[in-house]
Every structure is written in structure tokens, then in C-alpha cells.
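Q: Have a look; sequence and predicted model below, questions after that.
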Amino acid sequence: VGTGTELAELERKLARVELPSAPVAYREYLRYLFSEILPHTANTRSPRCLGHMTGPVPEFLWDVMLLIGALNQNLAKREASMVFTALERQTVATLHRLAYQFDPEYYQSVVHDERSSCGIVTSGGTLANLTALWIARNHAFPTRSGFAGVEAAGLSQALRSQECADTVIVGSAAMHYSVDKSAGLLGLGEAGVRKVPVDGSLRIDVSELRRILREISARGVRVIAVIGVAGNTDAGSIDRLDAVADAAAECGAWFHVDAAWGAPLLFSARERHKLAGLQRADSITVDGHKQMCLPIGASVLLLKDRYSAAVIEKQSRYMLQENSGDLGMRSLEGSRPASALLFHAGLHVIGPSGYEQIMDTHLDKARLLAARIQRRPEFQLLIEPETNIVLYRYVPRLLRGRSLSAGDYAYINAYNEAIQRAQSAAGRSFVSRTTIYPGAHRGNGDAKPVVALRAVLVNPKTTEADLDTVLDDQVRIALELENRFRPEAEPAMV
Ligand SMILES: Cc1ncc(COP(=O)(O)O)c(C=O)c1O
């Protein structure tokens, strides 16, 4: 998974900032890359690398990446991309159909109609979420007589135009932090994100959501968007989207679903029921570079209504004129690569049946790992996985099967942090780490933080034996650390 080289040592080697005095031959440059840089990358292809939401990229997509770089098409402008503009529109419409299942005739009328948009290709889920909330904000404060719309007039005039005290985005406490970034950029500030408590599986607590929405509207605050998460970053669990859609509809807010992680469950006949209600979303974030095996840089925001992106359209003197068909009119990014080709290639070469197999296999593996964890006395499964992320922790021998004090919690947390760090540094296997607050959903304001080991199953080549290796490594590391982490040493660690 890694070479075990100390990061500090790598940073020391890369501390010189003078510009190169003279060009070097490309062959020489390659020699430098291969000897000094490449050996120290994180090996995301390793079947024992279970920490990241981005997995190994199949080799045919390396060629596609090369093509994208070599052709250097610019999707902001049709003249600079030609057929790729049409291919992007086709690919986005195909993904739209996968999610929304409109009639085939709808897609024939929309696919190359330049006034319409099935969605916007972005370089990541962050920008897809930001774009969704940008569109939602502009729909919440549209142009009307005496008011030019929030995009032109800004947020303070927008609030005055509707006589609202404030405006917020509402979603679960387990939302991705890109929503906070978006709120900052859109002028709401992080204070403009109202976070609803989650249940024991980190899904939004729908009755709390309804209560909060009632409280917000009673205060004269305008809700820009209600967000459902289809696969949260910590645990991969999925909000009950139908119920969230109902709540959004009741308060007349835009319903956005962040399905950066979970959208590919749509390919699985067995699993797609978990996304019930997704088709009610006004917008959906899909990350190709998470569960669709695409290289980083491939995401899309799907838009239910063909004209909903009109509220963010921009024109300029030198391009993006009306009827130009330039996709740059409706994207936050300017010059933009032909990343849609990655989706297109994945959909053809891996294909829907391939993605179905990949998703089913990954979810099976997560269940298998969860079962292994439950069978081993050293570990505690923290959340039953709903998709392919497994949260668990190591429990030291002396504390197994006992009720735990606050000190015990802090002690186990420090122990698990140390295990995760040591495993990562050793380089043989890897899981990541997060912190959850079990019990907080039951109104327990004193819910204690629990450090969780986080295994993300996105590598088709990970075998059962690899899963055992990851757990065995953790037990071995835990035993090595045992002397340092004795309960009596607790005050030093907390
Ligand atoms: C649920 C969710 N949404 C959005 C994002 C942001 O995606 P990106 O890293 O592609 O910007 C992530 C990333 O982990 C995520 O897990």
C-alpha cells in the first residue's frame, strides 16, 4: 500500500523551490520521476488498500485519459470540442435516464437541444454540489418585478425582496463538507447550513428534519434546498430519500441528492431499492471517480428539469453567445476537459451489467467483512453497513464485554488512532479513520465521540484473504502497542 517512507523525509527532498536552471532531456526527467517520486505514491491499486473512496482505475481508462490529454478538447466551447460537445450531451442524458427514467421521446427532444440541459459535467462531487446549490439559490430568489434576481442583485437584496429574515440549506449532520464550502461561496456562510441530527446508522432523522423545517419557516427563514445523502462519506448509509423528498416538497424547497457515493447502486437490480425517491430530486450529484472506477476528475450533476440551469447561464463577448451551444454557458468551470468520455467509455466497456456485478460484489464483500468483524472478539462492528463502507473498532482485551466509562472511551479512541496510524505507516495494508457519535440521535447531548476504523470496499481484486490480512495486521499492531496503551497509562493519552 505504501513504502513506509516517512513523509517528513519526502518533504525534505522536495523543499527546493528555485526554477530549474536549464531544461533536461525528457528521458532524464522520466528517470528522476521513476526513481524519486513514483515509488512513494499511495498504491491505490493494492487489494489491501481499503481506505479511500477512489479505487483502482481499469487499464483501458488509462488510454482514454491519454486521449483526453492528447486531443485537449475544451468543453467550454463547441468550436473547441466539436463532436465531444455532442458526446457529452449524449452521455449526460444517458445518466439522466438511468436515474430519472423519463420516456425515450423526452430524451430525443432534449439530448441535443442547446436550450436544454440534462446536467453538467464537473471535475468532482464538490463542484457538482456547489453547482446544484447555486441553481437552487437562484430558483429560490428569481427575477420578479422590481427585483433582478439573486444572481444579479446579491443575497441581501434577495432577502429584502421576499421579506425573509434569512435563508438556509438543510441536510443531515453527516453531509459532506462541500456543502459548507458551497454555503460560504453562495453568501450564506456556514451558519446558513442547518444540520439535522442523524440516527444510529448516520441517516437523517426525518422527524427531526420535519420539526426543524417547521421551526425555520415559523421564523420567516427561506429554505433554499433540502439535501438528501445517498451514501454518506463516513459510513456509506443512505437517507430515506422518499421521506426527505416529502419534507422538501412541503416547504417548497429544491430537493438535492448528494449521490456522489451511492448513485451506481442504480445499476444493481438487487440494491437499487435503497435509492427509492432519488428520481424525485431536482438535482443529483454523481461521482464517476468513486464507484464507477473512473480516474479522479469525473463527476456530473444531473438536473431533473431541462431548463433549470437557465438561472446560472452566462454569456460573454467572445464566446457563449445565445444559441452557440457552448456548454461553458452553464458550468462553473471555464476551460474543461472531455471527461464525459470517461463516463462514455465506462458505460460501454464495463457496461451496465459490469457495474451491476461490481456493485453487488463490493456490497457482498462489505457484508463479509462485517461478519468477520463480528466473529472476532478483538473487534466491534459500529454500524451495520448499508453499502460498502464498514465502520468498526478494536477493543483492548481488558475492556471487552464490559460497560465503558468516559475514560475507557477516550482510551479506546486513542488506541484505535494509534493502530490506524501504525498500520498506515507500515505500508502493508490500510484503512482510514473517522469519528462518529453513537447515541447522539436519542437526544443524548453527551454522546461520546467514537473513533472508527473505516474500510472502503472499492477494489474488485480484494479477496477474502486480503480482508483477513487487514484485520490480522490490526490485531498484531494492537498487541505490539499493548504495552504503551495500558489502561493505567490512560491520563497520558487522553
Ligand atoms: C458524499 C460525498 N459528496 C461529495 C463528495 C465530494 O466529492 P469530490 O471529492 O469528488 O469533490 C464526497 C467526497 O468524498 C462525498 O463522499
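A: That came through fine.

Q: Pull up the distance across stretch 310-326, start to finish.
A: Length of stretch 310-326, first residue to last, CA to CA, to the nearest Å: 13 Å.

Q: ranges for the helices of the stretch 51-200 of the chain?
A: Along the stretch 51-200 of the chain, counting by DSSP state H, counting those that start in this stretch, helices occupy 59-71, 83-100, 104-110, 125-140, 150-153, 155-161, 178-185.

Q: what's in contact with the fifth one?
A: What that stands for is helix 150-153. 137-138, 140-143, 147, 157-158, 161, 311-312 (CB atoms under 8 Å, 6 or more residues apart in numbering). Every residue, glycine included, has its C-beta placed from N, CA and C.

Q: cutoff 6 Å now
A: Helix 150-153 has contacts (CB atoms under 6 Å, 6 or more residues apart in numbering) with 138, 141, 158.

Q: One more: the longest one?
A: Contacting residues not belonging to helix 83-100 are listed as 73, 78, 107, 111-112, 118-119, 121, 266, 279, 284, 300, 302, 327, 338, 340, 343-344 [CB under 6 Å, 6+ apart].

Q: closest to residue 323 out of the helices of the stretch 51-200 of the chain?
A: In terms of CB to CB, the element of the helices of the stretch 51-200 of the chain nearest to residue 323 is helix 83-100, at 13.4 Å.

Q: List the buried residues for that closest one?
A: For helix 83-100, the neighbour count (16 or more other CB atoms under 10 Å) marks 84-85, 87-89, 91-100 as buried.

Q: quick revisit: mind putting the contacts of helix 150-153 in CSV, pLDDT, neighbour count and distance to the ligand included?
A: Formatted as CSV, the contacts of helix 150-153 follow (pLDDT from 0 to 100; neighbours: other CB atoms under 10 Å; distance: CB to the nearest ligand atom, whole Å):
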residue, pLDDT, neighbour count, distance to the ligand
138, 98, 23, 21
141, 98, 24, 25
158, 97, 24, 26
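
Q: For this protein, what lies in contact range of the ligand?
A: 53, 124-126, 129, 176, 178, 229, 231-233, 258, 260-261, 287, 299 (CB under 6 Å from any ligand atom).

Q: 5 Å instead, please
A: 124-126, 176, 178, 233, 258, 260-261 (CB under 5 Å from any ligand atom).

Q: Filter those down to the buried ones, ChimeraX style.
A: In ChimeraX, this line selects whichever of the residues of the chain next to the ligand come out buried by 16+ other CB under 10 Å:
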select :124,125,126,176,178,233,258,260,261
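
Q: Dump the contacts of helix 150-153 to JSON lines, plus distance to residue 334.
A: Compiled in JSON lines, the contacts of helix 150-153 are given as follows (distance: CB to CB, whole Å):
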{"residue": "138", "distance to residue 334": "19"}
{"residue": "141", "distance to residue 334": "25"}
{"residue": "158", "distance to residue 334": "26"}
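
Q: Out of the residues you listed, which comes closest to residue 473?
A: residue 138 (50.1 Å).

Q: that older thread, could you dump the residues of the chain next to the ligand to CSV with pLDDT?
A: As requested, the residues of the chain next to the ligand are exported to CSV (pLDDT from 0 to 100):
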residue, pLDDT
124, 98
125, 98
126, 98
176, 98
178, 98
233, 98
258, 99
260, 98
261, 98
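
Q: ok, of the residues of the chain next to the ligand, which one's closest to residue 409?
A: For the residues of the chain next to the ligand, the nearest to residue 409 is residue 233 (22.8 Å; CB to CB).

Q: residues near residue 292, how many?
A: Neighbourhood size, residue 292 [other CB atoms under 10 Å]: 23.

Q: and it, what does it touch?
A: 264, 346.

Q: just to revisit the earlier point, give me the ChimeraX select line for the contacts of helix 83-100, limited to the buried ones.
A: ChimeraX command restricting these to the buried ones, with burial defined by 16+ other CB under 10 Å:
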select :73,78,107,111,118,119,121,266,279,284,300,302,327,338,340,343,344
